[in-house]
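sequence and predicted structure, then a few things I'm wondering about:
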Amino acid sequence: MDTDVVVVGAGLAGLVATAELADAGKRVVLVEQEGEQSLGGQAFWSFGGLFLVDSPEQRRMGIRDSLELATQDWMGSAAFDREEDLWPRRWAEAYLNFAAGEKRSWLHQQGHRLFPVVGWAERGDGRADGHGNSVPRFHITWGTGPGLVEPFLRRVREGVARGRVTLAFRRRVDELVITTGTVTGVRGRVLAPDDAPRGRATNRDELGDFEITAQAVIVTSGGIGGDHDLVRRVWPERLGTPPARMVAGVPAHVDGRMLQITQEAGGRLINPDRMWHYTEGLRNWDPIWENHGIRILPGPSSLWLDARGRRLPAPYFPGFDTLGTLRHLMATGYDYSWFVLTQKIIEKEFALSGSEQNPDLTGKDVRQVLGRVRPGAPGPVEAFKRHGEDFIVATGLGELVRKMNALVDDDLIEEASLRRIIVARDNELDNAFTKDAQVTALRGARNYRGDKLIRVASPHKILDPKAGPLIAVRLNILTRKTLGGLETDLSARVLTEGGETLPGVFAAGEVAGFGGGGMHGYNSLEGTFLGGCLFSGRTAGRAAAAAL
């Protein structure tokens, strides 16, 4: 054997698995089709959000959480309903115990730290036993994505220094090698060196073949979000017609190739129709990869309209029910929608997902972070407002509507109709009472001190000139995560169609649906993708080490 284990994919799950194997004394070759500049994969670009249960940060913010409540929320969101949900459900239960148990202390021991204010993501569909987080659970890594990757990258580098880890970049795996029914390595093509910056497309020029033999292979290659044609092919009927136009939340090399390759070796893919895409995508005015999209992390106050200017019904408010909103919008016949808001709202409620869009948190700059509580929108948000093609600013509603219609080259929105909608909403603010569910929701959000401090604007009328100017934002569908994947048991061993283990193969991260072939079920509670990579990568690394 050339090595004990080959790990395919150097994203977060691959780094965690490699670190665990090296610390267990095993020899590892970490194979990655991109260059060294791409270590950390999509986790590097992330906001670094982590789902934790009953954490010290929650308790300090006055949040009462428990494993019981988190389980209620997870199972209500996952809505497991298939025979093949056996292992995903078991993985969900195991992950919940991890998130409520040693997850925080395990990370803390490695130098990981958290921002003290806990966010409230995916506030839900309005049902106590349905989709959504009953309490804030979104913990932001101090240092965002790079801060989360760093401890594991450091451990991998230490493994390299000890001679236990070999980093094999620009190696594209095309086949799992099978010897008498057992996977004994990988085979593929060596790609030409390419020093393109992280995230940008690299060449696919082939220089020759490679093959690495090993006692085990761990597949940690990610999902399919970079291949929009593949996303459309597996798009489920329950989410409506696939959008003709989407923006890319991940680079093109996130192509799902290893899913098919592992299937061809005998692995079973389950729940390919389960996926997670956002409805609040912006076209990046300063793109890193082609068709680069950035997601707005919205507070609850913006008025959400479909392409024809009709207000979205409850519970499809900003930040509440991602896939429910996606399903609703896909039934309108258009693949975009609108936020209408004020300068007062954008200053308090707009954040942008991604490490590069949050330089204060990514750079661990306390002085800049404190600026978030002062008047004015964060710098990256103002930059999008000035330069982004999806942003419109106007002093009056008539001007706003004209610009909205001009942007899409279609007179779909009528000023009189939109004015009636906004005035009706604004009239609900004259009393402490209301029948408007969104007004009730934003007032309720401000009962949480974290939201009142930095996330939810004080309720005000959209047509109040003192809150202006008026702003409209065109929202695009943004591809992101694959919720289904390779079926694995609780030791991260890949299973076959017959339910047996595929000898020699483990899987972790997005390629395994973050555990079991889809531990999220139909919906995510957010902060659970990175956590799923951590947990499944750790599980796969430890299980493979124990099996050798």
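Thanks, I have it. Numbering: from 1, shown residues only.

by mean pLDDT, which helix or strand of this structure comes out lowest?
helix 366-370 (a mean of 86; mean pLDDT, DSSP states H and E).

which residues does that one contact?
Phe115, Pro359, Asp360, Leu361 (C-beta atoms under 8 Å, 6 or more residues apart in numbering). Where C-beta positions appear, they are placed from N, C-alpha and C, glycine not excepted.

contacts only, for the third one.
The contact partners of Asp360, by C-beta under 8 Å, 6+ apart, come to Gln368, Val369, Gly371, Arg372, Pro378.

let me see the backbone angles for it.
phi -70, psi -50 (degrees, to the nearest 10).

quick one on the thing from earlier: which of the contacts of Asp360 count as buried?
Buried positions within the contacts of Asp360, assessed by neighbour count (16 or more other C-beta atoms under 10 Å), are Val369, Arg372, Pro378.

hmm, Phe384 and the last one touching each other?
So that's Pro378. No - in this structure, Pro378 is not within contact of Phe384 by C-beta atoms under 8 Å, at 9.9 Å.

between those two, what contacts are shared?
With C-beta under 8 Å, 6+ apart, Pro378 and Phe384 have common neighbours Leu352.

for the residue sitting furthest away from the middle of the chain, grab phi and psi.
What lies farthest from the middle of the chain is Thr180; by C-alpha atoms, centre = their mean that is 39.1 Å. Torsion angles at Thr180 (phi, psi; degrees, to the nearest 10) stand at phi 50, psi 50.

can you pull out the helices in the stretch 101-250 of the chain?
103-109, 144-161, 228-233 (DSSP state H, counting those that start in this stretch).

save these as JSON lines, and put in mean neighbour count, mean pLDDT and distance to Arg257 too.
Shown next, in JSON lines, are those (neighbours: other C-beta atoms under 10 Å; pLDDT from 0 to 100; distance: least, C-beta to C-beta, whole Å):
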{"stretch": "helix 103-109", "mean neighbour count": "16", "mean pLDDT": "98", "distance to Arg257": "30"}
{"stretch": "helix 144-161", "mean neighbour count": "20", "mean pLDDT": "98", "distance to Arg257": "23"}
{"stretch": "helix 228-233", "mean neighbour count": "16", "mean pLDDT": "96", "distance to Arg257": "10"}
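
make a markdown table from those helices and add distance to Ala424 to it.
Output for these, formatted as a markdown table (distance: least, C-beta to C-beta, whole Å):
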| stretch | distance to Ala424 |
| --- | --- |
| helix 103-109 | 45 |
| helix 144-161 | 39 |
| helix 228-233 | 37 |
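
can you check which of the ones you listed gets nearest to Gly537?
helix 144-161 (8.2 Å; C-beta to C-beta).

how far does that closest one sit from its chain's centre?
20 Å (C-alpha atoms, centre = their mean, to the nearest Å).

just checking, what packs against that helix?
In terms of contacts (3 or more C-beta pairs under 8 Å, 6 or more residues apart in numbering; DSSP states H and E), helix 144-161 is packed against helix 12-23, helix 41-45, strand 165-169, helix 359-362.

measure the residue farthest from the centre of the chain to Trp235 for me?
39 Å (C-beta to C-beta, to the nearest Å).

ok, now Gly126?
For Gly126, the distance to Trp235 - C-beta to C-beta - is 26 Å.

can you check Gly498 too?
For Gly498 relative to Trp235 (C-beta to C-beta), the value is 29 Å.

check Leu30 too.
33 Å.

same thing with Trp45?
For Trp45 relative to Trp235 (C-beta to C-beta), the value is 24 Å.

tell me where the stretch 401-548 of the chain has helices.
Going by DSSP H, counting those that start in this stretch, the stretch 401-548 of the chain shows helices at 415-427, 437-445, 449-454, 529-547.

between Gly498 and Trp235, tell me which one has more neighbours.
Trp235 (17 against 7; other C-beta atoms under 10 Å).

excluding chain neighbours, what is closest to that one?
Pro242 (4.0 Å; C-beta to C-beta, 6 or more residues apart in numbering).
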